[in-house]
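Undergrad: Following is a predicted model, sequence given first.
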Amino acid sequence: MCFESKSEYNPMDKSNEIFDIVKKYSPTAHMISGDDFKYIKAVNLVGNELYIDIDNKEITLFFGNWHDHYYNDLSEYELFIENLTDIFNNRKFTVSTFLKDRAGCAFLSETAEPDIISLREEVGTDKTILCSFWNSSKNITFDVET
């Protein structure tokens with residue numbers, strides 16, 4: 001007999017809860033529902049967009065050039081909610097790298113403010129680094145070091 005882990009859940013069951021959180025931070029939020037998916041789009045006052053795809057097994061969060069998958073485990077859901085609210089509150093930002101106008105890696109920061117020294121140690125000096133916040137007035141680009 002196979003038992004489901006007590007920490008597993010169906011992400012679709014959390015879609016209304018997620019949408020309520022998104023509506024707090026986005027003047028324009030929409031949810032589209034299908035038989036086996038939910039799709040949430042949030043747009044702020046200056047046009048920044050954030051997307052959330054939800055199905056029976058996972059939630060995928062998209063912001064800027066970054067995205068991440070959160071699987072059907074409650075600890076993953078807690079991390080998703082933390083990251084989502086941290087993005088909306090500008091406590092985390094996305095980092096995107098470009099090498100001669102070609103997209104490189106993208107990741108979510110673990111800090112509220114860009115630290116160029118740490119970023120250069122992580123991605124190198126030969127890349128342009130774009131730090132994107134929900135409040136785009138905080139966005140910053142670090143050009144290639146010469």
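TA: Thanks, I have it. Residues are numbered from 1 along each chain as shown.
Undergrad: In which helix or strand does residue 39 reside?
TA: Using DSSP states H and E, the element containing residue 39 is strand 38-43.
Undergrad: so what strands line up beside that strand?
TA: strand 28-33 (antiparallel), strand 49-54 (antiparallel) (DSSP bridges).
Undergrad: Check which residues of that strand are buried.
TA: 38, 40, 41, 42 (16 or more other C-beta atoms under 10 Å). Any C-beta I mention is one placed from the backbone N, CA and C, and that applies to glycine too.
Undergrad: got the contact list for that strand?
TA: 12, 15, 18-19, 22, 25-33, 49-55 (C-beta atoms under 8 Å, 6 or more residues apart in numbering).
Undergrad: Same check on stretch 133-146?
TA: In contact with stretch 133-146 (C-beta under 8 Å, 6+ apart) are residues 25, 44, 46, 48, 50, 63, 87-90, 93, 114, 116, 119-120, 125-132.
Undergrad: Can you select the buried ones among those for me in ChimeraX?
TA: With 16+ other C-beta under 10 Å as the criterion, this ChimeraX line picks the buried residues out of those:
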select :25,44,48,50,63,87,88,93,114,119,127,128,129,130,131,132
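Undergrad: Who are the contact partners of residue 72?
TA: Residue 72 makes contact with 8, 9, 10, 11, 56, 57, 58 under the criterion C-beta under 8 Å, 6+ apart.
Undergrad: Helices - which of these land there?
TA: Applying DSSP state H to the contacts of residue 72, no entry is found in helices.
Undergrad: what are the ranges of the helices in the protein?
TA: Using DSSP H, the helices of the chain run over residues 15-25, 74-88, 116-123.
Undergrad: For residue 32, the count of nearby residues, please.
TA: Neighbour count for residue 32, taken as other C-beta atoms under 10 Å: 9.
Undergrad: Next, the contact list for it, please.
TA: For residue 32, the contacting residues are 38, 39, 40, 41, by C-beta under 8 Å, 6+ apart.
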